[in-house]
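1. Any chance you can model this:
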Amino acid sequence: MAKKTNLIAEFPIRKLGVRNFRRWAFNTVKTAITSNSKDIILAPFSSVFYATFACNLNCIYCDHPDVRAKYIKKLDTPKTLSLIEKMYSPGTFLTISGGEPLIRTDLPEILQKCRSVGFRPIFLNTNAYSIDNEIGKGSIKLVDYVSVSLDSMDSSKWDNTLRRPGASERIVSNIEHLIRERKKYGIEVLVNTVITPESIKEVYGVIEFCAKNSVQVNLGPVDVHGMPDSRLRNNEEFRKLMQDLIKMKKERSAPIASSLKYLEQVRDFSLHDCLPSLVTRVLPDGSVAIPCDPLAADRFRKYISGLNSPEDYNPREIFPYNLQDYPDLNSLLKEAYQKEGLPLCVRNTDKCFMPCHLTPTNAVKHPLDFLFSGVLSWA
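-> Predicted structure coming up:
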């Protein structure tokens, strides 16, 4: 590993605006002064739009391909643009995800709409397999961050995870191109690494790659239906990895974006609270996953198991709130949380350790950690 790294000088702090920090500060203060903070509804800090659930890969740990794409269809371009307009709220940043969003031929048009309504910053989550085509090149220049998936530097092992022979070499080549051209595109490149029982040793190689290329890496345990893989619990090899990551983070000897609090929580799989209202997820058909994606996905799996065919699928039976029916996302969320409240599992839980939910929760419940091992550690 490199000894001390200051390589994050251009990372998110320069792309997070005053409105983003104002939203974070408001939520942090509200959490601190509310007697039962586990039950409060907070203003979303982040919105996620799943452009499509279709994908050009078939990652071994992903539950999106085939199943969700078969039932949850994307809206046409005009209706999708309307969703984006309704999703916007000052101080909320946006992530475009999937499936694989670059499958959508209208993605540049969607991203242009995201910019025009005012979303900042904009993240694009992609497997990077097709980022070198016309759609990919047209999309990159419209976002602030490109978050790419990378779990191993061993092409054979990575191909086995992707379940597409030869995909890993193309992906790594595309990631290296993004890194070389990031200033030209005006983007930052981030790496997302999913830790599975089989890939624990592979993480060290990914971190070496990120350190060599001055790229931040977010890490998290593989999720199995809303729970970390049980084989990671009481796994000494996994615990050693997490302890090593914590040491690297403290010493600033590796470009790890995950905060110390999050790394410690994952190491111990400790009890924690979750504030799901901080992240809003809009599905390709306009349905909103209330209160969070893991619980909504669980309802979805149980529902479709009782169907005879996809033609019997009625999204309103499991996703009663659809953004097409509301003037804006805030109106939908207000009604939904007034009726539904929050589930019991968000209190003192050891279930979900997905960084997309736990990191925002930590940001408002542990603000000093967020600042000094999160945002300010990037500066």
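2. Return the distance of the lowest-mean-pLDDT helix or strand in the chain from the chain's centre.
-> When each helix and strand of the chain is scored by mean pLDDT, DSSP states H and E, helix 367-370 comes last, with a mean of 85. Relative to its parent chain, helix 367-370 has a centroid offset of 20 Å by Cα atoms, centre = their mean, to the nearest Å.
3. Send me it as PDB with only the CA atoms.
-> Provided in PDB are the C-alpha atoms of helix 367-370 (Å, rounded to 0.1, in the frame of the first residue of the first chain):
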ATOM      1  CA  PRO A 367     -22.000  13.400  12.500                       C
ATOM      2  CA  LEU A 368     -18.400  13.800  13.800                       C
ATOM      3  CA  ASP A 369     -17.500  10.400  12.300                       C
ATOM      4  CA  PHE A 370     -19.200  11.400   9.100                       C
END
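4. Can you tell me the closest non-neighbouring residue to residue 16?
-> For residue 16, ignoring the flanking residues on the chain, the nearest one in space by Cβ to Cβ, 6 or more residues apart in numbering is residue 121 at 6.6 Å. Placement of C-beta: from N, CA and C, glycine included.
5. Counting by contacts, list what the least confident helix or strand of the chain packs against.
-> Packing partners of helix 367-370 (3 or more Cβ pairs under 8 Å, 6 or more residues apart in numbering; DSSP states H and E): helix 260-268, helix 355-365.
6. any low-confidence regions in the stretch 1-150 of the chain?
-> 1-15, 35-39, 64-65 (pLDDT under 70).
7. May I have stretch 18-28 exported as PDB, CA atoms only?
-> Provided in PDB are the C-alpha atoms of stretch 18-28 (Å, rounded to 0.1, in the frame of the first residue of the first chain):
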ATOM      1  CA  VAL A  18     -24.500  24.100   0.200                       C
ATOM      2  CA  ARG A  19     -28.000  22.700  -0.200                       C
ATOM      3  CA  ASN A  20     -26.700  19.200   0.300                       C
ATOM      4  CA  PHE A  21     -24.900  20.100   3.500                       C
ATOM      5  CA  ARG A  22     -27.900  22.100   4.700                       C
ATOM      6  CA  ARG A  23     -30.100  19.100   4.300                       C
ATOM      7  CA  TRP A  24     -27.600  17.000   6.200                       C
ATOM      8  CA  ALA A  25     -27.400  19.500   9.000                       C
ATOM      9  CA  PHE A  26     -31.200  19.800   9.300                       C
ATOM     10  CA  ASN A  27     -31.600  16.000   9.600                       C
ATOM     11  CA  THR A  28     -28.700  15.800  12.100                       C
END
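8. Pull out the buried positions in that stretch.
-> 20, 23-24, 27-28 (16 or more other Cβ atoms under 10 Å).
9. in its sheet, what does the longest strand seen in the chain sit against?
-> When the chain is parsed with DSSP state E, its longest strand is strand 188-195. Sheet partners assigned to strand 188-195 using DSSP bridges are listed as strand 145-149 (parallel), strand 216-221 (parallel).
10. so that strand versus helix 260-268, what angle?
-> 20 degrees (axes from the mean of the first three to the mean of the last three Cα atoms, to 10 degrees).
11. ok, and what's touching strand 188-195?
-> The contact list for strand 188-195, computed with Cβ atoms under 8 Å, 6 or more residues apart in numbering, reads 10-12, 15, 61, 123, 125, 144-151, 175, 178-179, 182, 203, 206, 209-210, 215-222, 232, 238, 241, 257.
12. for stretch 229-239, same thing?
-> So stretch 229-239 is contacted by 195-197, 200-201, 221-224, 267, 269 (Cβ under 8 Å, 6+ apart).
13. Pull the distance from that stretch to the chain's centre.
-> 23 Å.
14. ok, residue 103 touching residue 57?
-> No - with contacts counted by Cβ atoms under 8 Å, residue 103 stays clear of residue 57, the gap being 10.5 Å.
15. Contact partners for the closest residue to residue 319 other than its chain neighbours?
-> Counting by Cβ to Cβ, 6+ apart, residue 287 is the residue found nearest to residue 319 once chain neighbours are left out, at 3.5 Å. Going by Cβ under 8 Å, 6+ apart, residue 287 touches 72, 315, 319, 321-323.
16. Scan those and report the most crowded one.
-> residue 323 (26 neighbours; other Cβ atoms under 10 Å).
17. Roughly how far does residue 221 sit from residue 294?
-> Residue 221 sits 13 Å away from residue 294, taking Cβ to Cβ, to the nearest Å as the criterion.
18. same deal with residue 30?
-> Taking Cβ to Cβ, one finds residue 30 at 24 Å from residue 294.
19. next one: residue 318
-> 14 Å.
20. Could you do residue 349 as well?
-> Going from residue 349 to residue 294 by Cβ to Cβ gives 11 Å.
21. Who has more neighbours out of the two?
-> Between residue 349 and residue 294, residue 294 has the larger neighbour count (other Cβ under 10 Å), namely 19 against 15.
22. Mind listing the residues bridging to residue 149?
-> For residue 149, the beta-bridge partners are residue 192 (DSSP bridges).
23. For it, give me its contacts.
-> Per Cβ under 8 Å, 6+ apart, neighbours of residue 149: 59, 125-128, 171, 191-194.
24. do residue 151 as well
-> 158, 161, 193-196, 199, 202, 206.
25. Same question for residue 355.
-> For residue 355, counting by Cβ under 8 Å, 6+ apart, the contacting residues are 218-220, 258, 262.
26. Kind regards, and thank you for your time.
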